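# below are the sequence and a predicted model; questions follow.
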Amino acid sequence: MKRISTLLIGAMLAFSNSAIAQTLTAAERSDLNLRPGATDISTQVYDLHMMMFWICVVIGVLVFSVMFYSMVMHRKSKGAKPANFHENVKVEVIWTVIPFIILIAMAWPAATTLIAMEDTSEAEVTILVTGSQWKWHYKYQDNPEVEFFSLLATQREQINNKFAKGENYLLEVDRPLVIPTGKKVRFLVTSDDVIHSWWVPDFAVKKDANPGFINKAWANVNEPGVYRGQCAELCGKDHGFMPIVVIAKEPAEFDAWIQEQETAAIRAKEEEQRLLSMNMSMEESMTLGKKVYDTACVACHQPNGGGLPPMFPALAGSKIAIEKQHIPTHIDYIINGKNTMPAFGKQLTMSEIAAVVTYERNAWGNNTGDLVQAKDVNAFINGQ
Amino acid sequence: MSTETIHDTPASDDGHDAHHDHHIPKGLMRWVLTTNHKDIGTLYLWFAFIMFLVGGAMAMVIRAELFQPGLQIVDPHFFNQMTTVHGLIMVFGAVMPAFTGLANWLVPMMIGAPDMALPRMNNWSFWILPFAFLILLGSLFMDGGGPAFGWTFYAPLSTTYSGDSTALFVFSVHIMGASSIMGAINVVVTILNMRAPGMTYMKMPLFVWTWLITAFLLIAVMPVLAGAVTMVLTDKFFGTSFFDAAGGGDPVMFQHIFWFFGHPEVYIMILPAFGIISAIVPTFSRKKLFGYASMVYATASIALLSFIVWAHHMFTTGMPVAAEMFFMFATMIISVPTGVKVFNWVATMWRGSLSFEVPMMFAIAFIVLFTIGGLSGLMLAIVPVDFQYHDTYFVVAHFHYVLVTGAVFSIMAAVYYWLPKWTGKMFDITLAKWHFWCSLVSVNVLFFPMHFVGLAGMPRRIPDYALQFADFNKWISIGGFAFGLSQLIFLVLIIKACKKIGEPVSDQVWEGAEGLEWEIPSPAPYHTFETPPVIK
């Protein structure tokens, strides 16, 4: 039985791999195996993996077939009489030395690939990747105006089994990272809170995001396309819900895109200033506030504002969200965070912060009637 | 085991035993006050089995949630508590106490000693364990839940960002550590001082050797774990910054300290297994163990190497290339002594006279499946590909192959092998075979597809997953439920054995079994070797 299952498994793997080799082009998904990926390095890593796999298969088959031969041929029920040997220096030296030689054969290509992977010099594009609970932030170091957060885009209703799940369930974000093809892109990886890990399988890049330290990785993507990954280091409650999506574009398209983003970023800043002098109506505030709440706050404080106490306190009926004198504290928590709550000052605009404060003070029976405006938030920031 | 054991026990050939029996309290107090290595061994084994079922129940929660994509049964925060406490319980509550229980029962009987060297400490090291786990399990019912940062409790998730139950977690780990250290000291002192005349080091059974080396590993690294949890405690509650960059600390330093404990810990959970397999394979091959001396040297070199490979758990944390190379090569070298062991077992079977009783079935399953886990471990050592494997289900598959089909299967093999000696009766062989085949099939349905989903890109420790992983996860869960249920067969079998149901066995029990423990009566008398045997 054991033999059959081992053989079966071996055969399954062997079949699946040859099938993969025939049908998979780079970066296509496999349900069974690593994929060659989209960079030269990821292809080398894939080859290394397959080499290791086959060496292990061969070793396993050799060792187990000797054992199974013995199990069949040297049975007591077949009248086998035990031999007397229990030592043999020659054999023991051989099976100590041969594995050493195999190890050296494995170590050589592994070391070569590793040195190439860790050489992050002479990058043409540098992107600062910052993890925080539970989203990624990307900043283009060469175009400092362009920075944005990237959050899970899968609807909560899909996760809670109310809606049918989409094709890229849990692997889709609101704003993907965009990089150029054919250029060495360097990722500087860090974190704002706990340790995360930025992983894109098709680039063979997995780097831990350590708070207070910066790690380096790089990729040079050959083909334009959409590449998906996930956070790989347990980072708290929603660790399973912070995917990574990278779109690789031809350099010309990338340049156009980054120009566009730069312009948009500058315009957004002007718009922010303009909004400071304007007042939003209660209705507008509540609509925008709910939208912000549903992306930024809902995971911890829950759709009904009840939270998951005591780790994630309730907002419905909370002192801070009801009593008027606590409005600055309310704004403060959102901008700067509190205890395990992350800071949202960078992620949200002033009008969004104002709207979500208004929303939280008027939803779920908190009917305070308080209406907070962007200029109040601005005043708080300037007074800080 | 019923208290009647004492009265059933034939006062052995040595008259002194009867004298001692007068002082043994009856009922519950017998177990609370006992200093007898056999009683304490039984306590450890029962405790380990109960913890195995508790930790297994948590695994069932995990597998039920992962049966389908989407969140169905538990919320992500509770899911994280389950993965965390499942890991802690299986490592510290099931595997380690089970090996300590086997050491208690067997080491004195194998070296011809009357008991463990430090019997009162032996009692204490067991009886603090239930409290450690009550504290840990109790933390699950606190406001905010129990520990949810993984059994590896990486800072700062376990410090700044954890719940208040962290204090209970730290306290409970401290108690477990104290228990392990005391147990280990006892094993070392017993083996160094209480061997029967003529029992030289190179005549000791391999189980004794592997446990001696394991005990030194425990004494070396459990204090490191205690240091790590203490720093977590002070970082969280007393304002220190060992692991907080904002205060001059380093979160990655936590991982270095943890894995400096953690990697030897891995071998703590597998070296005694090597000893067990090295006892069982020769018995049912009716042939002496091949390469006894090389087994001893291989065990010692694995133990020494285990101190210089810890950072292979941390390749993605961002290390200098030179460090990555060093830890890669050092890790690969471990496969040489491990390979030697597997080759020796196969050579022992070669041209033997094999029969396949239940302990042998588990031992053979161990050799095959542990080797699969060992080979995936070799793959994981290769840094460039480890970047792809790290923190995926490929790793989960790897360490469950070495810990479940490795350590746990070896413990089951040991229980089936020595149970008739302990009870004097043969266990229910039909049930045992059911247990074996159900476990063998289901454990592979459970863990083998994890390799596939891991390679295809499924991270570990997630409560929900992308749709491409759905089919395999369903199978994994079905395998999980089946493996869990299969252990209930084992429970029934053990209860029957403890009630002394079954055919009486001879002193040797198994044709081909050799060693001091097979020369004393079955069941083993309450006191053995009060007058040391002489080994020629």
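Happy to help now that I have it. Remember, it's a predicted structure, so these values are computed and weren't measured experimentally. Numbering: from 1, shown residues only, chains lettered A, B, ... in the order given.
# burial count for the residue of the stretch 101-250 of chain B found nearest chain A?
Nearest residue of the stretch 101-250 of chain B to chain A: B:Ala245, at 2.2 Å (Cβ to the nearest Cβ). To be clear about C-beta, it is placed using only N, CA and C from the backbone, and glycine gets the same treatment. Look at B:Ala245: counted by other Cβ atoms under 10 Å in any protein chain shown, it has 17 neighbours.
# spell out which helix or strand contains B:Ala220, please.
Using DSSP states H and E, B:Ala220 falls within helix B:206-237.
# and that helix, which residues are buried?
For helix B:206-237, the neighbour count (16 or more other Cβ atoms under 10 Å in any protein chain shown) marks B:206-222, B:224-229, B:231-233, B:235-236 as buried.
# among those residues, which are within reach of chain A?
With the criterion set as Cβ under 8 Å from any Cβ of the partner chain, no member of those is near chain A.
# right, and the helix or strand after the helix holding B:Ala220?
As assigned by DSSP H and E, the chain's next helix or strand after helix B:206-237 is helix B:251-268.
# pLDDT of that following helix, averaged?
Helix B:251-268 comes out with an average pLDDT of 96.
# starting at the chain centroid, how far to it?
Distance, stretch centre to chain centre, for helix B:251-268: 17 Å (Cα atoms, centre = their mean, to the nearest Å).
# tell me what the helix or strand just after that helix is packed against?
Proceeding N to C from helix B:251-268, the next assigned helix or strand is helix B:271-285, under DSSP H and E. The contact analysis (3 or more Cβ pairs under 8 Å, 6 or more residues apart in numbering or on different chains; DSSP states H and E) places helix B:271-285 against helix B:96-111, helix B:206-237, helix B:292-305, helix B:321-349, helix B:358-381, helix B:409-423.
# okay, and A:Thr130 sits in which element?
Counting by DSSP H and E, the element that carries A:Thr130 is strand A:125-132.
# ok, then the element right after that strand?
Next along the chain after strand A:125-132, taking DSSP H and E as the criterion, comes strand A:135-140.
# so, low pLDDT: which residues of the chain?
No chain specified, so I'll use chain A. By pLDDT under 70, the low-scoring segments of chain A are A:1-29, A:384.
# nope, chain B
Scanning chain B for pLDDT under 70 picks out the ranges B:1-23.
# closest to the centroid, which residue in it?
Centroid-nearest residue in chain B, with Cα atoms, centre = their mean: B:Val95, separated by 2.5 Å.
# for that one, give me its contacts.
Neighbouring residues of B:Val95 by Cβ atoms under 8 Å, 6 or more residues apart in numbering or on different chains: B:48, B:269, B:403, B:407-408, B:411.
# of those residues, which are in range of chain A?
By Cβ under 8 Å from any Cβ, no member of these lies near chain A.
# what's the closest of those residues to chain A?
Distance ranking of those against chain A, using Cβ to the nearest Cβ, places B:Val408 first at 16.6 Å.
# find the residue closest to that closest one in space, skipping its chain neighbours.
The shortest distance from B:Val408 to any non-neighbouring residue, by Cβ to Cβ, 6 or more residues apart in numbering or on different chains, is to B:Val95 (6.8 Å).
# roughly how far apart are the one you found and B:His263?
Note on B:Val95: its distance to B:His263, by Cβ to Cβ, to the nearest Å, is 15 Å.
# ditto for B:Val188
From B:Val188 to B:His263 the distance is 21 Å (Cβ to Cβ).
# please say which of these two ends up with more neighbours.
Comparing B:Val188 with B:His263 by other Cβ under 10 Å, the one with more neighbours is B:His263, at 23 against 19.
# hmm, B:Ser306 and the more buried one touching each other?
Yes. Using Cβ atoms under 8 Å, B:His263 makes contact with B:Ser306 at a distance of 5.4 Å.
# what's the separation between B:Trp105 and B:Asn186?
According to Cβ to Cβ, B:Trp105 stands 13 Å off from B:Asn186.
# need the residues touching each of the two.
Counting by Cβ under 8 Å, 6+ apart, B:Trp105 and B:Asn186 have no shared contacts at all.
# for the closest residue to B:Arg351 other than its chain neighbours, helix, strand, or coil?
Nearest residue to B:Arg351, sequence neighbours excluded (Cβ to Cβ, 6+ apart): A:Ala83, at 4.0 Å. With DSSP: H, G, I helix; E, B strand; the rest coil as the basis, A:Ala83 sits in coil.
# contacting residues for A:Ala83?
Going by Cβ under 8 Å, 6+ apart, A:Ala83 touches B:287, B:350-352.
# repeat that with 10 Å
A:Ala83 is in contact with A:74, B:285-288, B:350-353, counting by Cβ atoms under 10 Å, 6 or more residues apart in numbering or on different chains.
# so how many other residues sit close to the spatially closest residue to B:Lys236 that is not a sequence neighbour?
Spatial nearest neighbour of B:Lys236, chain neighbours left out: B:Thr159 (4.5 Å); criterion: Cβ to Cβ, 6+ apart. Applying other Cβ under 10 Å, we find 27 other residues in the vicinity of B:Thr159.
# now B:Thr159: how far from A:Asp193?
Going from B:Thr159 to A:Asp193 by Cβ to Cβ gives 11 Å.
# so A:Ile381 touches A:Thr349, yeah?
No. Using Cβ atoms under 10 Å, A:Ile381 is not in contact with A:Thr349; the gap is 11.7 Å.
# got a list of what A:Asn366 touches?
Applying Cβ under 10 Å, 6+ apart, we find A:Asn366 in contact with A:305, A:315-318, A:321-322, A:359-360.
# repeat that for 8 Å
Taking Cβ under 8 Å, 6+ apart, we find A:Asn366 in contact with A:305, A:315-317, A:321-322, A:360.
# what about those, which are in helices?
A:321-322, A:360 (DSSP state H).
# between those residues, which sits nearest chain B?
The closest of the ones in helices among the contacts of A:Asn366 to chain B turns out to be A:Ala321 (Cβ to the nearest Cβ; 20.5 Å).
# the longest helix in chain A is where?
Looking across chain A with DSSP H, the single longest helix is helix A:40-73.
# which SSE is immediately downstream of it?
helix A:89-117.
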